[in-house]
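>>> Fold the following and give me the result.
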Amino acid sequence: MKHAAGIVAFIARFVVLGLALAFVISLIWPRVGDRLRTGFGFQHAPAATSSNSTPPATPTISAAPASYANAVTKAAPSVVNIYANKLVTEQAVRMFTDPLMQQLFGGMVAGPPVTRREQNLGSGVIVSPEGYVLTNNHVIANANDIQILLYDGRVAGATLIGADEETDLAVLKIKDASNLPVIQMADPKKLRVGDVVLAIGNPLGLNQTVTMGIISAIGRQLSNSNPEDFIQTDAAINLGNSGGALVNSNGDLVGINTLLIGKAANAEGIGFAIPVDTATNVLRQLIATGRVTRGWLGADYGFVPVAADSGLPAAARGAQITDIYSNGPAAAAGLQVHDIVLQLGEVDIRDPADLSRREATLKPGTHVAVSGLRNGVPFHLMLTVAQRPPQAPAATSASNSGNHVQG
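From the prediction side, this is the model:
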């Protein structure tokens, strides 16, 4: 018995000593356990990684701010109310009270012309210290007198510098006003679907109203014949918002509010704004020359047809020429119907709308390379850009459809 008790005591001392030794080693060399288990085959070795490799990037989701008051404080002073007054002459109608005269003349007769004043309400955005204001053309169209109410309560007259019916943009210049707050322009390349935006304007005469939403889509086209694109948003846009600012959560201008789809189409929360890059391009041209010129290749485009069994997406890269105008630049350069345009200059073409937008930005008279495929064979041609003929304004024609309303 004494011999057995001695063996047990010896084993106990050995175990205690081993545990203490293992504890000390684990403090000095923390990963020794993993290495030993891997060495004896009890654990699979981790996959080798290169010291230069970086883990895949994952989008960071930042918490939404509790308030957008800072953005409003920054942008709102640059948004103005526009009161466009015009004189309208109408033919007065006079009613006969005598029964005999009613029988002879149908009860009514035209009276002398009557002139009355009509006022159109809208919004605008101050975009330069010199007092230039961006707004919508339909806000100030045919106005005889334009008055602007500034954020601080001052009222000033404004003159029309120029207007572009196609984009429904106009540039005004404020008279005799100083210390004007200028809005900050956003980087259009950083605009993303899902970004929070604020619409600031004068809806229904309610001065400096702010509504919030997100960017629902980018690059919306409301007319197949017009290359201009729109930002779609669900921020509430109402009558009087036209020409007002659509700003991001930092208070920077991303677009000029212009259209909404009305309740006649059973729609709600579908509004449109002109992107800031389009607006600034029109602004520069109107200030410089009083009009906007656009490039024209002399052709119409459609999507590239892709066979169902090709394995390619339905909307493949490029644009197919569907029609060529006689005596136009495309005809003179030798382009043909069914040609697929893949590049304009050094820029890859994504789709027909992309090609239409890019040709519009070219200066008439410039020479540009056109590359693509003809019956599967690559071609490369030089083309001289012409000035595009006048086209139907996208915003106006859309508003006449009954489903789209100018704000």
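>>> Can you verify my assumption that Ser356 contacts Tyr301?
Yes - if you go by Cβ atoms under 8 Å, Ser356 and Tyr301 touch, sitting 6.6 Å apart. C-beta here means a position set from N, CA and C on the backbone, and glycine is covered the same way.
>>> how about the residue lying closest to Asn144 once chain neighbours are set aside, phi and psi?
Sequence neighbours aside, Lys86 is the residue nearest to Asn144 in space, at 5.1 Å (criterion: Cβ to Cβ, 6 or more residues apart in numbering). Reported as degrees, to the nearest 10, the phi and psi values for Lys86 are phi -140, psi 150.
>>> wait, Lys86 sits on Ile146?
No - with contacts counted by Cβ under 8 Å, Lys86 stays clear of Ile146, the gap being 9.6 Å.
>>> Those two - which one has more neighbours?
More neighbours surround Ile146 than the other of Lys86 and Ile146, with 26 against 16 (other Cβ atoms under 10 Å).
>>> Not counting its neighbours along the chain, what's nearest that one?
Nearest one to Ile146, counting by Cβ to Cβ, 6+ apart, is Ala158 at 4.5 Å.
>>> secondary structure class for that neighbour?
Per DSSP: H, G, I helix; E, B strand; the rest coil, the local secondary structure of Ala158 is strand.
>>> show me the contacts for it.
Ile82, Val133, Ile146, Gln147, Ile148, Leu172, Lys173, Ile174, Lys175 (Cβ atoms under 8 Å, 6 or more residues apart in numbering).
>>> so how far is Ala279 from it?
Here the distance between Ala158 and Ala279 works out to 17 Å (Cβ to Cβ, to the nearest Å).
>>> what do you get for Phe379?
36 Å.
>>> and if you look at Val133?
Val133 is 12 Å from Ala279, by Cβ to Cβ.
>>> Which of the two has more residues huddled nearby?
Val133 (27 against 24).
>>> is that one in a bridge, and if so with what?
Ile126, Leu172 (DSSP bridges).
>>> so it sits right up against Ala177, yeah?
No - contact criterion Cβ under 8 Å: Val133 and Ala177 do not qualify, at 10.4 Å.
>>> Tell me the confidence at Ala314?
Here, the pLDDT recorded for Ala314 equals 52.
>>> The one helix or strand Arg357 maps to packs against which elements?
Per DSSP states H and E, Arg357 falls inside helix 352-361. Applying 3 or more Cβ pairs under 8 Å, 6 or more residues apart in numbering; DSSP states H and E, one finds that helix 352-361 makes contact with strand 295-296, strand 299-302, strand 319-324, strand 340-344.
>>> Columns mean pLDDT and mean neighbour count on top of those strands, output as CSV?
Shown next, in CSV, are the helices and strands packed on helix 352-361 (pLDDT from 0 to 100; neighbours: other Cβ atoms under 10 Å):
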stretch, mean pLDDT, mean neighbour count
strand 295-296, 92, 20
strand 299-302, 90, 20
strand 319-324, 93, 18
strand 340-344, 92, 21
